[in-house]
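>>> my questions concern the predicted model and sequence given below.
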Amino acid sequence: MNEAGQTRRPGSRFHDLLFSQEGVLLVILVLSVLLLSTRTDVFLTVDNLLNQGRLLTEIGLLALPMTYIIITGGIDLSVGSIFGLSAIMLGHSWQNWGLPLEYAIFVALLTGVLCGLVNGLFIVRVGVPPLIMTLATLALFRGMALGISQGRSARGYPDWFLELGAGEFLGVPNQLWILVLAAVIAAFILARTVFGRSLYAIGNNELGARFSGIPVGRNKLLIYTFSGLMAGLGGYIFVSRVTTTRSDMGTGHELDVIAAVVLGGTSIFGGTGSIAGTMIGVVLIQLLKNGLALTGVTGDATIVVIGTVLIFAILVNNYVQRRRSGESGAGAA
Amino acid sequence: MSGRSEAGVASLQRVTPVRMALILISLVMLIAWAVLPWIHQPELGPTLARVIAAERSANELDIQRQGLSLPPIAALVALGVAFWSVLSPQLSRALALVMLVAGLLGLVYHVTFFVDLAESGRNELLGSMGAGFWLTLVAGVALMAQFALPRKVVPGHEINKVLGHQESVLALGILALVIVVGLLNPRYVADRNISEILQGNAYIAVAAIGVSMVIISGNIDISVGSLIGVLGIISGAMVVAGYPVWLSWLTPLVLGALVGSLIGFLVAWLRIPSIIVTLGMLSILKGGLLIFTNAEWITGMPTEYALSQQKPLGIPMGVYIMLVLTLIAAWWLRNSATGRAIYAVGGNAEAARLSGISERRIIMSVFIINGVFVGIASVMFATQLQVIQATVPPNLELVIITASVVGGVSILGGTGTVIGSTLAAILLNTIRSAMVFINVSPFWLQAVQGVLILATVLVDILRRRRQLT
């Protein structure tokens, strides 16, 4: 790091910013928006963009804690399943247990928290590797959602419940406010609090973090539980948007979320990453999907594009990072 | 020997009042739950199964079930105790004994239920049992397993060593399941069903061989499910388009190796983590498949193409392929230089590099081999039915990775065998089939798989801790 400081040229602050993962991504984002807007008139309109904001909220909410988790070197594959289980518990507790809908919402959030807590407890206390633990709960929670609902869907929600998913406040979709607020808070916590900085420390060197007095176990437990909570909230917002509950909701969300986070510059090995990058990743993926769909590409082809963009972005990032470390290495020599 | 008794004393001291209280509470709960229904309504006779079998009024059943609302709580407490004991590094024998008793108590209830059920001949009643019933069954077995688990391996006790292997645990599990379900429903052990159980997951077992190697080398492949779908469709499309059958069988293998070498190149040379590469590959393949097929199914394959439906000597072809490939792969992994190198790279990449193993070459070959196995699996998958679906079977990669992990392949790399993964693939299908025969809603299957992975991992961690202490 010191060496990098010595080789810093005038104006390299801009250089740094541009060649940070966020910078590279932002350039890709702007380029693709420009490219897509030349292909169709509908794409670059306020209405369309706001509508896309509505659609990306759930993924965005899941991506916030996922950023935390991946920064600590962990992973949570079960978010999509928690998402589905929470949605099912919402519908099930309302229609089958006869709870008031307000309580059912609470049940959904609580389900998310509990699921996240289970993940966290096993990972922290028992020492199960996160990949395995959440792989197991990916199957377990989805299985519970299927078993509890027996494959049936719940519908017939009242209007006030659907307001969150369909309504808007000051011209902006309701859920987008929630996402923006959550993202700002999450970014602040990650960048400016002791807790947030400790996540980087854990990701860089867990043993070192432990020896320097960081409550590693507690912090990890918190972020996995936070992940569950966000999945529960996402499930609730999703049900409110699509007005029905099905047990396969959120299938594959974990991959979309991880793709967005990794695209946003968070290293899968931990130690680096930012909420801003993640949010750009989320937006980029959603706009690519939408833009391509509007230009007449079928939905299936957009999955291909996203997969390619993911690998390509990592390649570019690797290349840029290696060049930078090469520079600083040369500076040291 | 003296060291052992010392450890025993030390761990006995660890039984604090709080822990003791926890154990007592769970015991009281279990006893209460076993006894309560009969206190409620003594005239109903000995067991719940008899009550339901007699088709008493709904009111009586409600009361009976009230007594049964305790099992979930009891089971959860018991499970809590079991898990907490995992947390403490040393589990004293006294503690294990208490758990054995608790587990036995729980099982006694289930056994009497099963016996009554068999007498009444109304097996479909099992399907009407709530989650609590199954939860307690699992809890009972888990508690028993606490005791039965291999402790520190004493030299000279070969039986301990054998029981300590994941493969023997799996084989015993399959055997126990077949016996229990076979007693409940004799049709389960009919030849037809047994061969169906073996055949049904054969392609998953074959794919799991490749994935196991990938995981042993310290990587992961989550794109296998999509790749099986894509290669299966290509194979089917080729034969329908009039290419010779042997070419349609062979092409997926070659294409699988090509995709594998691409993944291997990205992982080994460009240093992108395998989870990211295969995540991207998953999207590309899945989307590509849908574009390619327009979601239309492929039909009209010639009969000689249907590899999986052939039955030499009355045994399905898939079973032969699975067995032969498993044995070859197991032998190769164990005895060849490359096979050992895969373990070395997964166990300690730095040490492997220092001892002259080319990590890149090993990772590259592991992914290529994986591609070939996936290619074989895709042909087996495509020829199972008269049609090939245009969509990737959902969660296929999950089932394959589950087979590897439950088979004892550590996700951290460096350990595991393909015999274990094949046994696990068979076990998964044994469970699925058992659920059908005892009338449990198939919707619970995935939850069972999750519990299975979890149980495997916990047992693995527990076993390692015991071997360390």
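Received the coordinates, thanks.
>>> so which other helices or strands are in contact with whichever strand or helix holds A:Ile28?
Here A:Ile28, judged by DSSP states H and E, is contained in helix A:21-39. Here helix A:21-39 is seen to pack against helix A:12-19, helix A:275-294, helix A:299-332 when contacts are counted using 3 or more Cβ pairs under 8 Å, 6 or more residues apart in numbering or on different chains; DSSP states H and E. Quick note: C-beta positions are derived from backbone N, CA and C, even for glycine.
>>> buried set for the second one?
Buried residues in helix A:275-294, defined by neighbour count with 16 or more other Cβ atoms under 10 Å in any protein chain shown: A:275-292, A:294.
>>> give the other helices and strands that that helix contacts.
Helices and strands touching helix A:275-294, by 3+ Cβ pairs under 8 Å, 6+ apart, are helix A:21-39, helix A:46-71, helix A:174-192, helix A:253-263, helix A:299-332.
>>> where in chain B is pLDDT low?
Low-confidence regions of chain B, defined here as pLDDT under 70, cover residues B:1-165, B:183-186, B:189-191, B:295, B:314, B:392, B:413, B:463-469.
>>> which parts of it are strands?
Under the criterion DSSP state E, chain B carries no strands.
>>> please give the element, helix or strand, for A:Gly151.
Under DSSP H and E, no helix or strand contains A:Gly151.
>>> so for it, what's the pLDDT?
Here the pLDDT value assigned to A:Gly151 is 75.
>>> who in the stretch 301-450 of chain B is up against chain A?
Counting by Cβ under 8 Å from any Cβ of the partner chain, the stretch 301-450 of chain B comes close to chain A at B:394-395, B:398, B:401-402, B:405, B:411-412, B:441, B:443-450.
>>> pull out the buried residues from the residues you listed.
Of the members of those, the ones counted as buried by neighbours, 16+ other Cβ under 10 Å, are B:395, B:398, B:401-402, B:405, B:411, B:443-450.
>>> which of those residues lies closest to B:Asp460?
Nearest to B:Asp460 among these, counting by Cβ to Cβ, is B:Val405 at 9.2 Å.
>>> ok, for the closest one, nearest residue in space, not its chain neighbours?
Counting by Cβ to Cβ, 6 or more residues apart in numbering or on different chains, the nearest residue to B:Val405 once its immediate chain neighbours are dropped is B:Ile453, at 5.7 Å.
>>> do the same with B:Leu452
Of all residues apart from its sequence neighbours, B:Val406 sits closest to B:Leu452 (Cβ to Cβ, 6+ apart), at 5.6 Å.
>>> okay but the one you found is in contact with B:Thr456, surely?
Yes: between B:Val406 and B:Thr456 there is a contact under Cβ atoms under 8 Å: 4.7 Å.
>>> more neighbours: these two, which one.
B:Val406 (28 against 22; other Cβ atoms under 10 Å in any protein chain shown).
>>> which residues sit in contact with that one?
Shown here is B:Val406, whose contacts under the criterion Cβ atoms under 8 Å, 6 or more residues apart in numbering or on different chains are B:Leu170, B:Ser421, B:Ala424, B:Leu427, B:Leu428, B:Leu452, B:Ile453, B:Thr456.
>>> just give the number of residues close to the fourth one.
Burial of B:Leu427, expressed as a neighbour count using other Cβ under 10 Å, amounts to 22.
>>> next one: it relative to chain A, how far apart?
Between B:Leu427 and chain A the distance is 15 Å, computed by Cβ to the nearest Cβ, to the nearest Å.
>>> likewise for the first one?
Going from B:Leu170 to chain A by Cβ to the nearest Cβ gives 17 Å.
>>> and that residue, what does it touch?
Shown here is B:Leu170, whose contacts under the criterion Cβ under 8 Å, 6+ apart are B:Val406, B:Gly407, B:Gly408, B:Gly420, B:Leu423, B:Ala424, B:Leu427.
>>> B:Ala447 versus that one, what's the distance?
Distance of B:Leu170 to B:Ala447, computed by Cβ to Cβ, to the nearest Å: 20 Å.
>>> likewise for the third one?
Taking Cβ to Cβ as the measure, B:Ala424 and B:Ala447 are separated by 17 Å.
>>> how about the last one?
Between B:Thr456 and B:Ala447 the distance is 15 Å, computed by Cβ to Cβ.
>>> so what's residue 279 up against?
The chain I'm using is chain A. By Cβ under 8 Å, 6+ apart, the residues touching A:Met279 are A:Gly60, A:Ala63, A:Ala183, A:Gly264.
>>> should've been chain B
Contacts of B:Leu279 were listed using Cβ under 8 Å, 6+ apart, and they are A:Leu255, A:Ile258, A:Ala259, A:Val262, A:Gly307, A:Leu310, B:Ile222, B:Ser223.
>>> the second one contacts A:Met66, doesn't it?
Yes: contact criterion Cβ under 8 Å: A:Ile258 and A:Met66 qualify, at 6.5 Å.
>>> for the helices and strands packed on helix A:275-294, give me TSV that also has mean neighbour count and mean pLDDT.
Formatted as TSV, the entries for the helices and strands packed on helix A:275-294 read as follows, by neighbours: other Cβ atoms under 10 Å in any protein chain shown; pLDDT from 0 to 100:
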stretch	mean neighbour count	mean pLDDT
helix A:21-39	16	79
helix A:46-71	23	88
helix A:174-192	17	90
helix A:253-263	27	85
helix A:299-332	17	68
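>>> residues contacting the residue nearest to A:Ala139 when sequence neighbours are not counted?
Nearest in space to A:Ala139, with sequence neighbours left out and distances taken as Cβ to Cβ, 6+ apart, is B:Gly450 at 3.6 Å. By Cβ under 8 Å, 6+ apart, B:Gly450 lies in contact with A:Ala136, A:Thr137, A:Leu138, A:Ala139, A:Leu140, A:Phe141, A:Arg142, A:Gly143.
>>> let's go with 10 Å and repeat that
Residues near B:Gly450 by Cβ atoms under 10 Å, 6 or more residues apart in numbering or on different chains: A:78, A:81, A:135-144, B:398, B:402.
>>> do the same with A:Ser240
Applying Cβ under 10 Å, 6+ apart as the definition, the contact partners of A:Ser240 turn out to be A:87, A:90, A:105, A:157, A:160-167, A:174-175.
>>> can you list these in TSV and add secondary structure?
Shown next, in TSV, are those (DSSP: H, G, I helix; E, B strand; the rest coil):
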residue	secondary structure
A:Ala87	helix
A:Leu90	helix
A:Ile105	helix
A:Tyr157	coil
A:Trp160	helix
A:Phe161	helix
A:Leu162	helix
A:Glu163	helix
A:Leu164	helix
A:Gly165	helix
A:Ala166	helix
A:Gly167	coil
A:Asn174	helix
A:Gln175	helix
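>>> so which of those residues wins on neighbours?
For the contacts of A:Ser240, neighbours tallied by other Cβ under 10 Å; top is A:Ala87, 33 neighbours.
>>> was I right about that one contacting A:His253?
No: the pair formed by A:Ala87 and A:His253 falls short of the contact definition of Cβ atoms under 10 Å, at 11.2 Å.
>>> anything in contact with each of these two?
Shared between the contact lists of A:Ala87 and A:His253 (criterion: Cβ under 10 Å, 6+ apart) are residues A:Ala231, A:Gly234, A:Gly235, A:Phe238.
>>> the third one sits in which helix or strand?
Secondary-structure assignment from DSSP H and E places A:Gly235 in helix A:216-242.
>>> give me the mean pLDDT for that helix.
Model confidence over helix A:216-242 averages 91 on the pLDDT scale.
>>> quick one, that helix and helix A:174-192 angle?
160 degrees (axes from the mean of the first three to the mean of the last three Cα atoms, to 10 degrees).
>>> relative to helix A:46-71, how tilted is helix A:216-242?
For helix A:216-242 against helix A:46-71, the angle between stretch directions is 160 degrees (the same axes, to 10 degrees).
>>> following helix A:216-242, which helix or strand comes up?
As assigned by DSSP H and E, the chain's next helix or strand after helix A:216-242 is strand A:244-245.
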